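> sequence first, then the predicted structure, then my questions.
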Amino acid sequence: MIAAGLAFAGVAMLINMAPGPDSLLVVRMSVAQGRQGGLAAALGILAGCMGWGIATAAGLTALLTASHLAYDTLRVCGAAYLVLLGATALWHSRKPADPEPAGRTTVPAGRFAAFRVGLGTNLLNPKAGVFYMSLIPQFVPRDAQMFSATMLFTAIDVIELAAWYWLLTRAAAALSERIHRPAFRRCLEQITGVAFLGFAANLLTDRS
(Lines give C-alpha, C1' and ligand atoms only; values in the text may rest on other atoms or scores of the structure.)
Protein backbone atom coordinates (compact mmCIF):
# COMPACT_ATOMS: atom_id res chain seq x y z
CA MET A 1 0.00 0.00 0.00
CA ILE A 2 2.91 2.35 0.71
CA ALA A 3 4.32 1.92 -2.78
CA ALA A 4 0.87 2.43 -4.31
CA GLY A 5 0.35 5.56 -2.22
CA LEU A 6 3.68 7.04 -3.29
CA ALA A 7 2.99 6.29 -6.95
CA PHE A 8 -0.45 7.89 -6.71
CA ALA A 9 0.99 10.94 -4.93
CA GLY A 10 3.46 11.54 -7.75
CA VAL A 11 0.84 11.29 -10.50
CA ALA A 12 -1.74 13.33 -8.59
CA MET A 13 0.78 16.12 -7.95
CA LEU A 14 1.50 16.51 -11.66
CA ILE A 15 -2.22 16.69 -12.40
CA ASN A 16 -2.94 19.08 -9.52
CA MET A 17 -0.26 21.54 -10.64
CA ALA A 18 -1.58 21.68 -14.21
CA PRO A 19 -3.48 24.93 -14.98
CA GLY A 20 -7.22 24.62 -14.43
CA PRO A 21 -10.25 26.55 -13.21
CA ASP A 22 -9.63 25.66 -9.55
CA SER A 23 -6.08 27.02 -9.45
CA LEU A 24 -7.12 30.06 -11.48
CA LEU A 25 -9.90 30.80 -9.01
CA VAL A 26 -7.49 30.60 -6.06
CA VAL A 27 -5.14 33.08 -7.75
CA ARG A 28 -7.93 35.48 -8.63
CA MET A 29 -9.40 35.44 -5.10
CA SER A 30 -5.94 35.91 -3.57
CA VAL A 31 -5.35 39.04 -5.67
CA ALA A 32 -8.87 40.44 -5.33
CA GLN A 33 -9.51 39.72 -1.63
CA GLY A 34 -6.08 39.09 -0.19
CA ARG A 35 -4.61 35.81 1.00
CA GLN A 36 -7.58 35.08 3.29
CA GLY A 37 -9.93 35.17 0.31
CA GLY A 38 -7.67 32.83 -1.65
CA LEU A 39 -7.45 30.40 1.26
CA ALA A 40 -11.23 30.45 1.67
CA ALA A 41 -11.69 29.59 -2.01
CA ALA A 42 -9.08 26.84 -1.65
CA LEU A 43 -10.95 25.37 1.33
CA GLY A 44 -14.11 25.26 -0.77
CA ILE A 45 -12.26 23.40 -3.53
CA LEU A 46 -10.77 20.95 -1.02
CA ALA A 47 -14.23 20.33 0.44
CA GLY A 48 -15.44 19.55 -3.07
CA CYS A 49 -12.55 17.10 -3.59
CA MET A 50 -13.44 15.35 -0.35
CA GLY A 51 -17.01 15.10 -1.59
CA TRP A 52 -15.87 13.52 -4.87
CA GLY A 53 -13.62 11.13 -2.94
CA ILE A 54 -16.45 9.99 -0.68
CA ALA A 55 -18.74 9.59 -3.68
CA THR A 56 -16.08 7.51 -5.43
CA ALA A 57 -15.61 5.31 -2.38
CA ALA A 58 -19.38 4.76 -2.27
CA GLY A 59 -19.53 4.03 -6.00
CA LEU A 60 -21.69 7.06 -6.80
CA THR A 61 -19.34 8.63 -9.34
CA ALA A 62 -19.81 5.54 -11.52
CA LEU A 63 -23.00 7.28 -12.63
CA LEU A 64 -20.91 9.89 -14.46
CA THR A 65 -19.22 7.25 -16.59
CA ALA A 66 -22.26 5.00 -16.98
CA SER A 67 -24.89 7.66 -17.68
CA HIS A 68 -24.37 10.18 -20.49
CA LEU A 69 -27.38 12.14 -19.21
CA ALA A 70 -25.88 12.57 -15.73
CA TYR A 71 -22.50 13.58 -17.15
CA ASP A 72 -23.97 15.98 -19.72
CA THR A 73 -26.26 17.59 -17.14
CA LEU A 74 -23.38 18.26 -14.76
CA ARG A 75 -21.17 19.32 -17.68
CA VAL A 76 -23.64 21.96 -18.89
CA CYS A 77 -24.24 23.24 -15.34
CA GLY A 78 -20.50 23.47 -14.75
CA ALA A 79 -19.94 25.31 -18.03
CA ALA A 80 -22.73 27.77 -17.17
CA TYR A 81 -21.13 28.39 -13.78
CA LEU A 82 -17.74 29.05 -15.39
CA VAL A 83 -19.38 31.45 -17.86
CA LEU A 84 -20.87 33.31 -14.90
CA LEU A 85 -17.46 33.53 -13.22
CA GLY A 86 -15.84 34.70 -16.45
CA ALA A 87 -18.50 37.31 -17.14
CA THR A 88 -18.26 38.56 -13.56
CA ALA A 89 -14.49 38.93 -13.83
CA LEU A 90 -14.78 40.82 -17.12
CA TRP A 91 -17.45 43.09 -15.62
CA HIS A 92 -15.25 43.85 -12.61
CA SER A 93 -12.41 44.77 -14.96
CA ARG A 94 -14.55 47.66 -16.20
CA LYS A 95 -15.02 49.12 -12.71
CA PRO A 96 -12.62 51.51 -10.95
CA ALA A 97 -10.07 49.70 -8.78
CA ASP A 98 -10.71 49.43 -5.03
CA PRO A 99 -8.54 52.04 -3.30
CA GLU A 100 -7.94 49.74 -0.30
CA PRO A 101 -4.80 47.56 -0.30
CA ALA A 102 -5.16 44.16 -1.90
CA GLY A 103 -3.65 42.38 1.10
CA ARG A 104 -6.34 43.49 3.57
CA THR A 105 -8.17 40.89 5.60
CA THR A 106 -11.62 40.28 4.18
CA VAL A 107 -14.73 40.21 6.32
CA PRO A 108 -16.21 36.81 7.22
CA ALA A 109 -18.99 37.22 4.63
CA GLY A 110 -16.36 37.69 1.94
CA ARG A 111 -14.51 34.58 3.03
CA PHE A 112 -17.74 32.56 3.04
CA ALA A 113 -18.57 33.78 -0.46
CA ALA A 114 -15.08 32.76 -1.64
CA PHE A 115 -15.54 29.33 -0.03
CA ARG A 116 -18.90 28.92 -1.74
CA VAL A 117 -17.48 29.84 -5.15
CA GLY A 118 -14.60 27.39 -4.70
CA LEU A 119 -16.95 24.60 -3.68
CA GLY A 120 -19.27 25.24 -6.62
CA THR A 121 -16.43 25.41 -9.14
CA ASN A 122 -15.18 21.98 -8.06
CA LEU A 123 -18.48 20.15 -7.57
CA LEU A 124 -19.93 21.37 -10.87
CA ASN A 125 -16.95 20.06 -12.81
CA PRO A 126 -17.69 16.47 -13.91
CA LYS A 127 -14.04 16.01 -14.84
CA ALA A 128 -13.19 16.18 -11.14
CA GLY A 129 -15.49 13.22 -10.49
CA VAL A 130 -14.13 11.29 -13.46
CA PHE A 131 -10.60 12.01 -12.20
CA TYR A 132 -11.30 10.23 -8.93
CA MET A 133 -13.33 7.46 -10.55
CA SER A 134 -10.78 6.64 -13.25
CA LEU A 135 -7.45 7.34 -11.55
CA ILE A 136 -7.76 6.06 -7.98
CA PRO A 137 -8.86 2.47 -8.81
CA GLN A 138 -5.73 2.04 -10.94
CA PHE A 139 -3.53 2.42 -7.84
CA VAL A 140 -5.57 0.34 -5.37
CA PRO A 141 -3.80 -2.99 -4.71
CA ARG A 142 -5.86 -6.07 -5.44
CA ASP A 143 -5.76 -7.23 -1.82
CA ALA A 144 -6.79 -3.81 -0.41
CA GLN A 145 -10.26 -2.83 0.76
CA MET A 146 -11.62 -0.46 -1.89
CA PHE A 147 -13.42 1.99 0.41
CA SER A 148 -10.53 2.54 2.84
CA ALA A 149 -7.95 2.69 0.01
CA THR A 150 -10.05 5.25 -1.90
CA MET A 151 -10.37 7.44 1.18
CA LEU A 152 -6.62 7.16 1.80
CA PHE A 153 -5.80 8.27 -1.74
CA THR A 154 -8.37 11.04 -1.49
CA ALA A 155 -6.66 12.28 1.67
CA ILE A 156 -3.29 12.22 -0.13
CA ASP A 157 -4.72 14.24 -3.01
CA VAL A 158 -6.34 16.80 -0.68
CA ILE A 159 -3.12 17.24 1.32
CA GLU A 160 -1.15 17.83 -1.87
CA LEU A 161 -3.72 20.29 -3.14
CA ALA A 162 -3.70 22.13 0.19
CA ALA A 163 0.09 22.56 -0.03
CA TRP A 164 -0.15 23.73 -3.66
CA TYR A 165 -2.90 26.23 -2.92
CA TRP A 166 -0.99 27.50 0.11
CA LEU A 167 1.91 28.34 -2.19
CA LEU A 168 -0.40 29.90 -4.80
CA THR A 169 -2.13 32.15 -2.27
CA ARG A 170 1.18 33.36 -0.85
CA ALA A 171 2.61 34.13 -4.30
CA ALA A 172 -0.53 35.78 -5.67
CA ALA A 173 -1.20 37.87 -2.55
CA ALA A 174 2.43 38.98 -2.36
CA LEU A 175 2.38 40.00 -6.03
CA SER A 176 -0.83 41.96 -5.51
CA GLU A 177 0.61 43.78 -2.49
CA ARG A 178 3.65 44.85 -4.51
CA ILE A 179 1.71 45.99 -7.58
CA HIS A 180 -0.97 48.51 -6.61
CA ARG A 181 -1.60 49.91 -10.07
CA PRO A 182 -5.28 49.76 -11.12
CA ALA A 183 -4.20 48.64 -14.59
CA PHE A 184 -2.71 45.47 -13.07
CA ARG A 185 -6.00 44.59 -11.37
CA ARG A 186 -8.00 45.23 -14.52
CA CYS A 187 -5.60 43.18 -16.62
CA LEU A 188 -5.79 40.25 -14.19
CA GLU A 189 -9.59 40.33 -14.19
CA GLN A 190 -9.60 40.37 -17.99
CA ILE A 191 -7.18 37.44 -18.22
CA THR A 192 -9.07 35.34 -15.66
CA GLY A 193 -12.41 36.23 -17.24
CA VAL A 194 -11.28 35.08 -20.68
CA ALA A 195 -9.68 31.97 -19.16
CA PHE A 196 -12.89 31.00 -17.34
CA LEU A 197 -14.82 31.41 -20.59
CA GLY A 198 -12.23 29.20 -22.29
CA PHE A 199 -12.61 26.50 -19.64
CA ALA A 200 -16.38 26.71 -20.09
CA ALA A 201 -16.07 26.25 -23.85
CA ASN A 202 -13.74 23.28 -23.33
CA LEU A 203 -16.22 21.71 -20.92
CA LEU A 204 -19.12 22.21 -23.32
CA THR A 205 -17.24 20.57 -26.20
CA ASP A 206 -16.05 17.67 -24.06
CA ARG A 207 -17.72 14.41 -25.10
CA SER A 208 -15.96 11.94 -22.80
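Everything's here; your move. Residues are numbered from 1 along each chain as shown.
> for the chain, just list every one of the helices.
Here the chain has its helices, by DSSP state H, at 2-17, 21-33, 35-57, 62-66, 68-92, 108-123, 126-139, 146-178, 182-205.
> please identify the deepest-packed of those.
Among the helices of the chain, ranked by average contacts under mean count of other Cβ atoms under 10 Å, first place goes to helix 21-33 (a mean of 26). Every C-beta, even on glycine, is put in place using the N, C-alpha and C of the backbone.
> returning to what we had before: mind putting the helices of the chain in a markdown table, mean pLDDT included?
Listed next are these as a markdown table, based on pLDDT from 0 to 100:
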| stretch | mean pLDDT |
| --- | --- |
| helix 2-17 | 86 |
| helix 21-33 | 88 |
| helix 35-57 | 92 |
| helix 62-66 | 63 |
| helix 68-92 | 77 |
| helix 108-123 | 84 |
| helix 126-139 | 80 |
| helix 146-178 | 89 |
| helix 182-205 | 77 |
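> what's the closest residue to residue 136 other than its chain neighbours in contact with, if anything?
What sits nearest to residue 136 in space, not counting adjacent residues and going by Cβ to Cβ, 6 or more residues apart in numbering, is residue 153, at 4.9 Å. For residue 153, the contacting residues are 5, 8, 12, 53, 136, 139, 140, by Cβ atoms under 8 Å, 6 or more residues apart in numbering.
> what would these look like in TSV with distance to residue 196?
Converted to TSV, the contacts of residue 153 look like this (distance: Cβ to Cβ, whole Å):
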residue	distance to residue 196
5	34
8	29
12	24
53	25
136	27
139	31
140	34
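> OK, contacts around the residue nearest to the spatial centre of the chain?
When Cα atoms, centre = their mean is applied to the chain, the residue found nearest the centroid is residue 22 (2.4 Å). By Cβ under 8 Å, 6+ apart, the contact set of residue 22 is 45, 118, 121, 122, 125.
> which one among the residues you listed gets closest to residue 159?
Using Cβ to Cβ, residue 45 is the member of the contacts of residue 22 that lies nearest residue 159, at 13.3 Å.
> surely the closest one is in contact with residue 124?
No. Contact status for residue 45 versus residue 124: not in contact, 11.6 Å apart, counting by Cβ atoms under 8 Å.
> contact partners of stretch 160-180?
Contacts of stretch 160-180 (Cβ under 8 Å, 6+ apart): 9, 12-13, 16-17, 23, 26-27, 30-31, 34-35, 38-39, 42, 45-46, 49, 101-103, 184.
> leaving out chain neighbours, which residue sits closest to residue 196?
Leaving aside its sequence neighbours, residue 196 sits nearest to residue 86 (Cβ to Cβ, 6+ apart; 3.3 Å).
> isn't that neighbour right up against residue 190?
No. Look at residue 86 against residue 190 with Cβ under 8 Å: they stay out of range, at 10.2 Å.
> just to revisit the earlier point, which of the contacts of residue 153 sits closest to residue 78?
residue 53 (18.1 Å).
> gap between that closest one and residue 160?
13 Å (Cβ to Cβ, to the nearest Å).
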